[in-house]
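> Just the structure for this:
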Amino acid sequence: MRILHLVPGSGGTFYCQNCVRDRALVRALRRAGHDVIMVPLYLPMFGEEGSVGAKAPIFFGGVNMYLREKIPFLRRMPQWMDRLLDSPWVLRQAAAREQSTNAADLGPMTLSLLRGRRGNQQKEFNRFLAWLGEQDKPDIIHVSNALLLGFAPEIKRVVDAPIVCSLQDEEPWVDAMHPPYDRHVWQAISENAKCVSRFISTSAWYAERMIARMDLPPDRVSVIFPGIETDELPTADLTLDPPVIGFLERLSRGQGLGLLVDAFITLKRMPQFKNLRLRATGGCTPADHGFRAEIHEQLRGEGMDDAVEFIEDFQLAQRGEFLRSLSVLSVPVPGGEAFGLQLLEAMAQGVPVVQPAEGSYPEIVHATGGGVLYDPKDPEGLVHALQSLLENPEETRRLGRRGRQAILAQFNMDRVVRDMIAAYTAALDQKP
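This is a model prediction of the structure:
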């Protein structure tokens, strides 16, 4: 198949599950013989994992989009200014400040992009559509997430190809926007969704939520668990000497790092865990620096700062080394997530996970058998779940083995490609 894959680009400043998923899918589809053109929007695919060979120019450069939204007369800026603002150097500077602008403040720009050529980016939409019309016709157009659905009606005017849209983590982004933009954005997404032949949700839990939020026909939504590239993955030793708790996600309050630090401090006070360590990686944005300072101050106050390590490099090779140094991984995101790709990465290395029983986490743990769930309403739930594994090395190793076996058998990219091609084939036979 010839597949056009639209992705929002990546600044590479923090661990992004959507970015990891999109890159792995493009690489796997190409290995399977499919012709995939990745089209990055807003930012290039910065970072080591971005080596997927994008064959398209950057459209809707993030700096251009932001300035045009904030300063109306710049919507008619000359082409030389467009080229300057879309240059790799300028976009890299913007990427270094990725997410320094809160999602709550991006409602107007998000809504404008969802309105397509009726929004404030008409000039860039025309450039994108002109480029698209010059390409060989794709069999499928795959949109990375529903926040990019402003492109769907525009694409339909130029290319008569089915559109497939992945669903992951749109909900927390839109719900964080200031009223009335949250409501208007959901309305625009739902309207544009009528141009989509099939939606791919990363979990059944999130599929149900998005069917309700976007008013989708259930028969147009497939659930395809993401996978990871499992070639030649070593196994963690799990010696528990010393025991090490790990965290892999953006180092922010919203991703549950504060909850894990609190649990670590509670456990560290117990005599049997005097050697306990905490290791965390995943990067952060300027908006997270204040929270990071609070965490360091809290640990210094407890005299435990020397038992906690924050690792700056979280690219693919370094993540593997990091995960193999752990006894258990826990990313206790409040309310759960649409998926938890880092859980698969940990279990693939033989490291069990401890997660709250909410969001998609029960689906992942039940499908793999590689972890423990706890009740997030129980104030001591996380502490007790971690303690149950750290005090029982044999059970920890048993869960690690089960999780690894399940990942290698069920969550590899060969399976993802088979499922995705089946969804693409169904979309070819289905009118939006």
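> how about the helices of the stretch 1-150 of the chain, start to end?
Using DSSP state H, counting those that start in this stretch, the helices of the stretch 1-150 of the chain run over residues 17-31, 62-70, 79-85, 88-96, 107-114, 122-134.
> mind giving me the domain split of the protein?
Here the domain parsing of the chain from automatic domain parsing is 2-227+413-428, 244-410.
> between those domains, which one is nearest to residue 237?
In terms of CB to CB, the element of the domains of the chain nearest to residue 237 is domain 244-410, at 7.4 Å. C-betas here are computed from N, CA, C, even on glycine.
> so how far is that closest one from its chain's centroid?
Here domain 244-410 is found 17 Å from its chain centre; the criterion is CA atoms, centre = their mean, to the nearest Å.
> mind checking the end-to-end distance for that domain?
One end of domain 244-410 sits 27 Å from the other (CA to CA, to the nearest Å).
> all numbers from here: first residue = 12
All set: I'll call the first residue 12, so the last point we hit is now domain 255-421.
> model confidence over it, on average?
For domain 255-421, mean pLDDT is 96.
> re earlier: distance to residue 249 and mean neighbour count for the domains of the chain - can I get that in TSV?
Shown next, in TSV, are the domains of the chain (distance: least, CB to CB, whole Å; neighbours: other CB atoms under 10 Å):
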stretch	distance to residue 249	mean neighbour count
domain 13-238+424-439	23	19
domain 255-421	5	19
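> Mind checking those for the one nearest to residue 246?
Checking these against residue 246 by CB to CB gives domain 255-421 as the closest, at 4.1 Å.
> any chance you could map the helices in the stretch 212-361 of the chain?
Counting by DSSP H, counting those that start in this stretch, one finds helices in the stretch 212-361 of the chain at the ranges 215-225, 268-279, 300-312, 327-335, 352-359.
> so which of those gets nearest residue 367?
Nearest to residue 367, of all these, is helix 268-279, at 8.9 Å by CB to CB.
> quick one on the thing from earlier: take the domains of the chain and lay them out in JSON lines including distance to residue 244.
Formatted as JSON lines, those follow (distance: least, CB to CB, whole Å):
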{"stretch": "domain 13-238+424-439", "distance to residue 244": "12"}
{"stretch": "domain 255-421", "distance to residue 244": "5"}
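> For the helices of the stretch 212-361 of the chain, could you give me JSON lines that also reports distance to residue 150?
Listed next are the helices of the stretch 212-361 of the chain as JSON lines, based on distance: least, CB to CB, whole Å:
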{"stretch": "helix 215-225", "distance to residue 150": "24"}
{"stretch": "helix 268-279", "distance to residue 150": "42"}
{"stretch": "helix 300-312", "distance to residue 150": "45"}
{"stretch": "helix 327-335", "distance to residue 150": "29"}
{"stretch": "helix 352-359", "distance to residue 150": "27"}
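> Where does the prediction get shaky in the stretch 12-161 of the chain?
Residues of the stretch 12-161 of the chain meeting the criterion pLDDT under 70: 21-22, 55-66, 72-113.
> make it 90
Within the stretch 12-161 of the chain, the ranges that satisfy pLDDT under 90 run 19-25, 51-117, 120, 128, 130-135, 137-138.
> farthest residue from the center of this structure?
Within the chain, residue 282 marks the point farthest from the mean C-alpha position, 37.9 Å out by CA atoms, centre = their mean.
> picking that back up, who wins for proximity to residue 32 among the helices of the stretch 212-361 of the chain?
helix 352-359 (6.3 Å).
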